[in-house]
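Engineer: just a sequence and a predicted model for now, questions to come.
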Amino acid sequence: MARSTESLRTHRSPPEGQAPPGGLRPSDARLTGLFYLALVVTGVLSFLVIRPMIFDPGDPAATMAAVADSQPLARAGVALELATATTQALCALWFYRIFRAVDTFLAGAIAIFGMVNAVAILASAAMLATALDLVLSAGTGAAPATAFSQTMYLISENLWMAGNVFFGLWLIPMGLVARRSGWTPRVLPQLLVLGGILYTANAFIAVLAPTLPQGAEVALTAPATAAELWMLGWLLWRGARRAHSEPHS
(Lines give C-alpha, C1' and ligand atoms only; values in the text may rest on other atoms or scores of the structure.)
Protein backbone atom coordinates (compact mmCIF):
# COMPACT_ATOMS: atom_id res chain seq x y z
CA MET A 1 0.00 0.00 0.00
CA ALA A 2 2.86 2.34 0.84
CA ARG A 3 4.49 1.58 -2.49
CA SER A 4 1.23 2.29 -4.34
CA THR A 5 0.87 5.65 -2.59
CA GLU A 6 4.45 6.54 -3.43
CA SER A 7 3.83 5.62 -7.07
CA LEU A 8 0.85 7.97 -7.23
CA ARG A 9 2.94 10.79 -5.80
CA THR A 10 5.65 10.14 -8.35
CA HIS A 11 3.26 10.36 -11.30
CA ARG A 12 1.33 13.34 -10.01
CA SER A 13 1.52 16.47 -12.20
CA PRO A 14 4.03 19.05 -10.98
CA PRO A 15 2.72 22.15 -9.20
CA GLU A 16 2.05 25.04 -11.55
CA GLY A 17 5.08 27.28 -11.73
CA GLN A 18 7.54 24.39 -11.67
CA ALA A 19 9.00 22.73 -14.74
CA PRO A 20 7.92 19.11 -15.30
CA PRO A 21 10.43 16.59 -13.89
CA GLY A 22 11.12 15.16 -17.36
CA GLY A 23 11.80 18.58 -18.84
CA LEU A 24 11.04 19.58 -22.40
CA ARG A 25 10.57 16.72 -24.86
CA PRO A 26 12.99 17.03 -27.81
CA SER A 27 10.18 16.07 -30.22
CA ASP A 28 7.98 18.92 -28.94
CA ALA A 29 10.86 21.39 -29.07
CA ARG A 30 11.75 20.27 -32.59
CA LEU A 31 8.20 20.61 -33.91
CA THR A 32 7.70 24.01 -32.26
CA GLY A 33 11.01 25.19 -33.69
CA LEU A 34 10.09 23.99 -37.18
CA PHE A 35 6.72 25.77 -37.02
CA TYR A 36 8.51 28.91 -35.82
CA LEU A 37 11.05 28.64 -38.65
CA ALA A 38 8.24 28.22 -41.18
CA LEU A 39 6.49 31.27 -39.70
CA VAL A 40 9.60 33.40 -40.08
CA VAL A 41 10.31 32.24 -43.65
CA THR A 42 6.75 32.64 -44.93
CA GLY A 43 6.30 35.97 -43.15
CA VAL A 44 9.51 37.44 -44.57
CA LEU A 45 8.74 36.22 -48.10
CA SER A 46 5.14 37.45 -48.08
CA PHE A 47 5.48 40.82 -46.34
CA LEU A 48 9.07 41.92 -46.95
CA VAL A 49 9.82 40.37 -50.36
CA ILE A 50 6.71 39.91 -52.51
CA ARG A 51 4.48 42.70 -51.20
CA PRO A 52 6.94 45.56 -52.03
CA MET A 53 7.28 44.14 -55.55
CA ILE A 54 3.54 44.63 -56.14
CA PHE A 55 2.15 47.25 -53.77
CA ASP A 56 2.91 50.95 -54.31
CA PRO A 57 1.23 52.91 -51.47
CA GLY A 58 1.26 56.17 -53.42
CA ASP A 59 0.27 54.92 -56.88
CA PRO A 60 -2.92 52.85 -57.25
CA ALA A 61 -2.42 52.46 -61.00
CA ALA A 62 1.07 51.04 -60.47
CA THR A 63 -0.26 48.55 -57.92
CA MET A 64 -3.02 47.40 -60.26
CA ALA A 65 -0.61 47.09 -63.19
CA ALA A 66 1.80 45.06 -61.08
CA VAL A 67 -0.98 42.68 -60.04
CA ALA A 68 -2.16 42.30 -63.65
CA ASP A 69 1.33 41.84 -65.10
CA SER A 70 2.61 39.52 -62.36
CA GLN A 71 -0.36 37.32 -61.54
CA PRO A 72 1.76 34.33 -60.44
CA LEU A 73 3.65 36.61 -58.06
CA ALA A 74 0.41 38.08 -56.71
CA ARG A 75 -1.01 34.58 -56.19
CA ALA A 76 2.19 33.52 -54.47
CA GLY A 77 1.78 36.49 -52.13
CA VAL A 78 -1.73 35.35 -51.18
CA ALA A 79 -0.58 31.75 -50.71
CA LEU A 80 2.35 32.81 -48.55
CA GLU A 81 0.10 34.92 -46.33
CA LEU A 82 -2.18 31.91 -45.90
CA ALA A 83 0.89 29.87 -45.00
CA THR A 84 2.01 32.56 -42.55
CA ALA A 85 -1.37 32.50 -40.80
CA THR A 86 -1.30 28.70 -40.69
CA THR A 87 2.19 28.45 -39.24
CA GLN A 88 1.44 31.24 -36.75
CA ALA A 89 -1.57 29.29 -35.47
CA LEU A 90 0.36 26.01 -35.25
CA CYS A 91 3.27 27.74 -33.55
CA ALA A 92 0.93 29.28 -30.97
CA LEU A 93 -0.65 25.90 -30.24
CA TRP A 94 2.69 24.14 -29.83
CA PHE A 95 4.05 26.84 -27.54
CA TYR A 96 1.01 26.18 -25.38
CA ARG A 97 1.76 22.45 -25.52
CA ILE A 98 5.36 22.78 -24.34
CA PHE A 99 4.74 25.38 -21.62
CA ARG A 100 1.28 24.47 -20.23
CA ALA A 101 2.77 22.28 -17.48
CA VAL A 102 4.90 25.22 -16.33
CA ASP A 103 2.17 27.88 -16.19
CA THR A 104 -1.24 27.40 -17.80
CA PHE A 105 -2.11 31.11 -17.77
CA LEU A 106 1.10 32.26 -19.48
CA ALA A 107 1.01 29.38 -21.96
CA GLY A 108 -2.60 30.25 -22.75
CA ALA A 109 -1.67 33.91 -23.24
CA ILE A 110 0.94 32.90 -25.83
CA ALA A 111 -1.66 30.83 -27.67
CA ILE A 112 -4.35 33.55 -27.59
CA PHE A 113 -2.08 36.39 -28.72
CA GLY A 114 -0.62 34.20 -31.46
CA MET A 115 -4.08 33.18 -32.68
CA VAL A 116 -5.27 36.79 -32.85
CA ASN A 117 -2.26 37.65 -34.99
CA ALA A 118 -3.00 34.63 -37.19
CA VAL A 119 -6.57 35.88 -37.74
CA ALA A 120 -5.25 39.33 -38.71
CA ILE A 121 -2.91 37.78 -41.29
CA LEU A 122 -5.72 35.55 -42.56
CA ALA A 123 -7.89 38.64 -43.10
CA SER A 124 -4.97 40.29 -44.89
CA ALA A 125 -4.73 37.32 -47.26
CA ALA A 126 -8.45 37.67 -48.02
CA MET A 127 -7.90 41.35 -48.92
CA LEU A 128 -5.06 40.46 -51.31
CA ALA A 129 -7.18 37.75 -52.93
CA THR A 130 -10.03 40.25 -53.37
CA ALA A 131 -7.66 42.76 -55.01
CA LEU A 132 -6.50 40.07 -57.42
CA ASP A 133 -10.09 39.14 -58.31
CA LEU A 134 -10.96 42.79 -58.95
CA VAL A 135 -8.03 43.24 -61.32
CA LEU A 136 -8.81 40.05 -63.24
CA SER A 137 -12.52 40.83 -63.58
CA ALA A 138 -12.31 44.55 -64.42
CA GLY A 139 -8.95 44.93 -66.17
CA THR A 140 -6.32 47.59 -65.61
CA GLY A 141 -8.26 50.41 -67.28
CA ALA A 142 -11.21 50.52 -64.90
CA ALA A 143 -10.86 53.39 -62.44
CA PRO A 144 -13.22 51.97 -59.77
CA ALA A 145 -11.37 48.65 -59.81
CA THR A 146 -8.06 50.49 -59.47
CA ALA A 147 -9.29 52.37 -56.42
CA PHE A 148 -10.85 49.29 -54.81
CA SER A 149 -7.82 47.07 -55.37
CA GLN A 150 -5.56 49.73 -53.85
CA THR A 151 -7.96 49.96 -50.90
CA MET A 152 -7.68 46.19 -50.39
CA TYR A 153 -3.89 46.45 -50.27
CA LEU A 154 -4.05 49.38 -47.86
CA ILE A 155 -6.39 47.47 -45.54
CA SER A 156 -4.08 44.46 -45.77
CA GLU A 157 -1.11 46.64 -44.86
CA ASN A 158 -2.93 48.02 -41.84
CA LEU A 159 -4.06 44.57 -40.73
CA TRP A 160 -0.39 43.64 -40.46
CA MET A 161 0.22 46.86 -38.52
CA ALA A 162 -2.61 46.06 -36.10
CA GLY A 163 -1.45 42.46 -35.81
CA ASN A 164 1.96 43.70 -34.72
CA VAL A 165 0.41 44.56 -31.35
CA PHE A 166 -0.30 40.90 -30.68
CA PHE A 167 2.93 39.71 -32.26
CA GLY A 168 4.70 41.86 -29.70
CA LEU A 169 2.38 40.85 -26.87
CA TRP A 170 2.95 37.13 -27.37
CA LEU A 171 6.67 37.53 -26.68
CA ILE A 172 5.99 38.84 -23.16
CA PRO A 173 4.31 35.72 -21.70
CA MET A 174 6.73 33.64 -23.73
CA GLY A 175 9.63 35.26 -21.90
CA LEU A 176 7.94 35.01 -18.50
CA VAL A 177 7.11 31.32 -18.84
CA ALA A 178 10.54 30.55 -20.30
CA ARG A 179 12.12 32.17 -17.25
CA ARG A 180 9.85 30.19 -14.93
CA SER A 181 10.67 26.91 -16.68
CA GLY A 182 14.42 27.28 -16.21
CA TRP A 183 15.00 25.50 -19.54
CA THR A 184 16.42 28.36 -21.60
CA PRO A 185 19.61 30.43 -21.29
CA ARG A 186 19.11 33.05 -18.56
CA VAL A 187 19.27 36.10 -20.80
CA LEU A 188 16.78 34.82 -23.39
CA PRO A 189 13.60 35.32 -21.29
CA GLN A 190 14.65 38.87 -20.43
CA LEU A 191 15.28 39.65 -24.10
CA LEU A 192 11.90 38.18 -25.06
CA VAL A 193 10.05 40.39 -22.57
CA LEU A 194 12.01 43.51 -23.54
CA GLY A 195 11.54 42.77 -27.24
CA GLY A 196 7.82 42.22 -26.77
CA ILE A 197 7.35 45.50 -24.92
CA LEU A 198 9.30 47.50 -27.50
CA TYR A 199 7.65 45.77 -30.46
CA THR A 200 4.19 46.47 -29.07
CA ALA A 201 5.15 50.08 -28.37
CA ASN A 202 6.40 50.43 -31.95
CA ALA A 203 2.94 49.53 -33.28
CA PHE A 204 1.45 52.50 -31.40
CA ILE A 205 4.34 54.82 -32.30
CA ALA A 206 3.86 54.00 -36.00
CA VAL A 207 0.32 55.40 -35.72
CA LEU A 208 0.96 58.32 -33.37
CA ALA A 209 4.29 59.48 -34.83
CA PRO A 210 4.53 58.23 -38.43
CA THR A 211 7.26 60.73 -39.31
CA LEU A 212 9.86 59.24 -36.97
CA PRO A 213 13.06 58.23 -38.77
CA GLN A 214 13.50 54.64 -39.93
CA GLY A 215 16.31 54.18 -37.43
CA ALA A 216 13.86 54.53 -34.54
CA GLU A 217 11.74 51.66 -35.85
CA VAL A 218 14.83 49.49 -36.30
CA ALA A 219 15.94 50.22 -32.74
CA LEU A 220 12.50 49.35 -31.35
CA THR A 221 12.10 46.09 -33.28
CA ALA A 222 15.69 44.79 -33.17
CA PRO A 223 15.45 43.25 -29.65
CA ALA A 224 12.30 41.32 -30.64
CA THR A 225 13.95 40.05 -33.82
CA ALA A 226 17.04 38.94 -31.91
CA ALA A 227 14.92 37.26 -29.21
CA GLU A 228 12.80 35.40 -31.75
CA LEU A 229 15.79 34.12 -33.70
CA TRP A 230 17.45 33.03 -30.46
CA MET A 231 14.31 31.23 -29.28
CA LEU A 232 13.94 29.62 -32.69
CA GLY A 233 17.53 28.44 -32.69
CA TRP A 234 17.28 27.19 -29.11
CA LEU A 235 14.14 25.16 -29.89
CA LEU A 236 15.77 23.55 -32.92
CA TRP A 237 18.91 22.82 -30.89
CA ARG A 238 16.87 21.20 -28.13
CA GLY A 239 14.93 19.25 -30.72
CA ALA A 240 18.11 17.99 -32.35
CA ARG A 241 19.26 16.22 -29.19
CA ARG A 242 19.48 12.48 -29.44
CA ALA A 243 16.23 10.56 -29.31
CA HIS A 244 17.27 8.52 -26.28
CA SER A 245 17.34 11.73 -24.19
CA GLU A 246 13.58 12.12 -24.71
CA PRO A 247 11.52 11.05 -21.69
CA HIS A 248 9.18 8.11 -22.23
CA SER A 249 5.58 8.27 -21.13
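Structural biologist: Received, thanks. Just so we're clear, the structure is a prediction, and the values are computed from it rather than from any experiment.
Engineer: surely residue 50 touches residue 70?
Structural biologist: No - taking contacts as CB atoms under 8 Å, residue 50 lies outside contact range of residue 70: 9.3 Å. Any C-beta I mention is one placed from the backbone N, CA and C, and that applies to glycine too.
Engineer: break down the chain into its strands, ranges please.
Structural biologist: Applying DSSP state E to the chain gives no strands.
Engineer: where does pLDDT dip in it?
Structural biologist: 1-22, 139-142, 242-249 (pLDDT under 70).
Engineer: same thing but 80
Structural biologist: Where the chain drops to pLDDT under 80, the residues are 1-23, 138-145, 241-249.
Engineer: just how off-centre is the longest helix seen in it within its chain?
Structural biologist: Ranked by residue count and defined by DSSP state H, the top helix of the chain is helix 104-138. Put simply, helix 104-138 sits 11 Å off its chain's centre (CA atoms, centre = their mean, to the nearest Å).
Engineer: who are the packing partners of that helix?
Structural biologist: helix 60-69, helix 71-99, helix 143-169, helix 171-181 (3 or more CB pairs under 8 Å, 6 or more residues apart in numbering; DSSP states H and E).
Engineer: out of these, which is closest to residue 41?
Structural biologist: helix 71-99 (8.5 Å; CB to CB).
Engineer: between the longest helix of the chain and helix 171-181, how big is the angle?
Structural biologist: Comparing the axes of helix 104-138 and helix 171-181 via axes from the mean of the first three to the mean of the last three CA atoms, to 10 degrees yields an angle of 150 degrees.
Engineer: re the thing from before, minimum distance to residue 209: which of the helices and strands packed on helix 104-138 has it?
Structural biologist: Once these are compared by CB to CB, helix 143-169 is nearest, at 13.6 Å.
Engineer: understood, closing this out.
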